[in-house]
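S.K.: sequence below, structure please.
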Amino acid sequence: QVRLVESGGGLVQPGGSLRLSCAASGFTFSNSVASWFRQAPGKERELVARIITPSGGTTYADSVKGRFTISRDNARNTMFLQMNSLKPEDTAMYYCHGRNSASWSAYWGQGTQVIVSS
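M.R.: Model (predicted):
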C-alpha cells in the first residue's frame, strides 16, 4: 500500500519560513517525478514545484521562484519543500504528489495546511 504523508504545515507570519516534508512508504522517490501542489479556497489546485529523480531537474511556479526550494532525500525516501519569504497569498492546502517514472502510477498525499497571516 502506497502512502504519502505530508507534515510541517502551520501558521506563520508574512516573511516567515516553513519546511514541508512528504514521507513515502510503498513508493520510492529515487525513480519518480515528485511534486508539490497547493489549493487555496475557491481556487483550482496548482503546481508549486516539481523534481525529477534521478536527474534532479526542478520546475517552479513563477509565483514561488526564488522563495521556495524543492528537494528530496533518497535515503530517507522523503521529499521537502523549503518555503521562505512567505506571503499571505501562499496560504493553501499543500499536497505531495508522486508518479513512478517506470509504471506512471501516481499518488497523492492527504495535504498539510499552510496559513500565512499576521
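
S.K.: any buried residues in stretch 65-80, and which?
M.R.: Residues of stretch 65-80 classed as buried under the neighbour-count rule (16 or more other Cβ atoms under 10 Å) are Phe68, Thr69, Ile70, Arg72, Asn77, Thr78, Met79, Phe80. Any C-beta I mention is one placed from the backbone N, CA and C, and that applies to glycine too.

S.K.: stretch 14-34 now?
M.R.: Residues of stretch 14-34 classed as buried under the neighbour-count rule (16+ other Cβ under 10 Å) are Leu18, Leu20, Ser21, Cys22, Ala23, Ala24, Phe27, Phe29, Ser32, Val33, Ala34.

S.K.: and the fifth one, what element?
M.R.: Counting by DSSP states H and E, the element that carries Ala23 is strand 18-25.

S.K.: need the CA coordinates for that strand. PDB is fine.
M.R.: The C-alpha coordinates for strand 18-25 follow below in PDB (Å, rounded to 0.1, in the frame of the first residue of the first chain):
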ATOM      1  CA  LEU A  18       8.200  26.700   6.800                       C
ATOM      2  CA  ARG A  19       9.600  23.400   5.700                       C
ATOM      3  CA  LEU A  20       7.200  20.800   4.400                       C
ATOM      4  CA  SER A  21       8.000  17.100   4.300                       C
ATOM      5  CA  CYS A  22       6.500  14.300   2.400                       C
ATOM      6  CA  ALA A  23       7.400  10.800   3.700                       C
ATOM      7  CA  ALA A  24       6.700   7.900   1.300                       C
ATOM      8  CA  SER A  25       6.000   4.300   2.000                       C
END
